[in-house]
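In: Fold the following, please.
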Amino acid sequence: MWQTRDKYRSNRGFSLIELLIATVSSLVVLSGAFVLTNQAVRLSDMVTQRSDMQQNARVAMNVMARDLSLAGTGFPRGGIQLPTGTDSDDSFFACDLENCYVTNHVFTNERLFAITPGDGKGPNINGVDTDVVTLVYKDTSSNFDQYVLANISDFITAQTSSFELDSRTTPAQFDAVVGVKVGDVLVMCNVNGCAVGTVTHFLKVTTTQGYVYMGQDASYIDIQDPLQFNQPDAAIGNKLAI
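Out: Take a look at the predicted model:
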């Protein structure tokens, strides 16, 4: 007859060494998963940033290409003579009422061209002087050249230099979107040539009549002329000369 005996089974569970080994193994696995997850997140962020940068660069290049294609539209060939000669000062570009945003911001030979390149005149970025380009073209939404000026009797007055636009101009000169606004740069031409000036004040007389001022009298200045186009005392190149 055969006799069997049950094997001894321990009820003590895991030993301390086994628990430590299991814990360390779990930490190693979790650390590896965390590192991989962190790398994946960083890679995703980098791809997103590069995509945004490429998109922004594409938009900027499209805007620059559009502006370059419009340069010189409705602008006199050969440019416009700016104030020069006796009692004149330099005229500027890329300036507003507070700052000038490029170095050496004086027009070459005191002449306004459709395109003014600026090699190394832009902001310094990472130790490199960037390039800039200044463009001039006609605002196609305005129709101020539909008719000749209605009244230029006060234009010869250096301090006020006002003129009246034709009331038939469409859209009207008072239009909130495309009408005359203080700070606008207007080009005036006749048989003697062209001149450019900055609107410093716009006076609405009636519903169809208004006066545009480009003078230096404090009573007719809402803003100053940051580009120094309005120089009534200059010998050559101002609006009084034509």
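In: What is the neighbour count of Glu164?
Out: 19 (other CB atoms under 10 Å). In this view, the C-beta of every residue, glycine as well, is placed from N, C-alpha and C.
In: pLDDT value on the spatially closest residue to Phe93 that is not a sequence neighbour, please?
Out: Of all residues not flanking Phe93 in the chain, Thr134 sits nearest, at 4.8 Å (CB to CB, 6 or more residues apart in numbering). Note on Thr134: pLDDT of 86.
In: quick one: contacts for the most centrally placed residue in the chain?
Out: With distances taken as CA atoms, centre = their mean, Ala94 lies nearest the centre of the chain, 9.7 Å away. Applying CB atoms under 8 Å, 6 or more residues apart in numbering to Ala94 gives the contacts Cys100, Tyr101, Val102, His105, Gly118, Val132, Thr134.
In: Pull out the buried members of those.
Out: Val102, His105, Gly118, Val132, Thr134 (16 or more other CB atoms under 10 Å).
In: would JSON lines of these with distance to Ala235 and secondary structure be doable?
Out: Below are these laid out as JSON lines (distance: CB to CB, whole Å; DSSP: H, G, I helix; E, B strand; the rest coil):
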{"residue": "Val102", "distance to Ala235": "28", "secondary structure": "coil"}
{"residue": "His105", "distance to Ala235": "23", "secondary structure": "coil"}
{"residue": "Gly118", "distance to Ala235": "28", "secondary structure": "strand"}
{"residue": "Val132", "distance to Ala235": "30", "secondary structure": "strand"}
{"residue": "Thr134", "distance to Ala235": "25", "secondary structure": "strand"}
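In: Name the nearest of those relative to Ser44.
Out: Nearest to Ser44 out of those is Val132 (CB to CB; 35.8 Å).
In: from what I can see the closest one touches Asn104, true?
Out: No - with contact defined as CB atoms under 8 Å, Val132 does not count as touching Asn104 (10.4 Å).
In: Need the overlap of contacts for these two.
Out: Listed contacts common to Val132 and Asn104 are Gly118, Lys121; contacts here mean CB under 8 Å, 6+ apart.
In: can you pull the contacts of the nearest residue to Asp89 once chain neighbours are set aside?
Out: Nearest residue to Asp89, sequence neighbours excluded (CB to CB, 6+ apart): Gln228, at 5.7 Å. By CB under 8 Å, 6+ apart, the residues touching Gln228 are Pro83, Asp89, Asp90, Ser91, Phe92.
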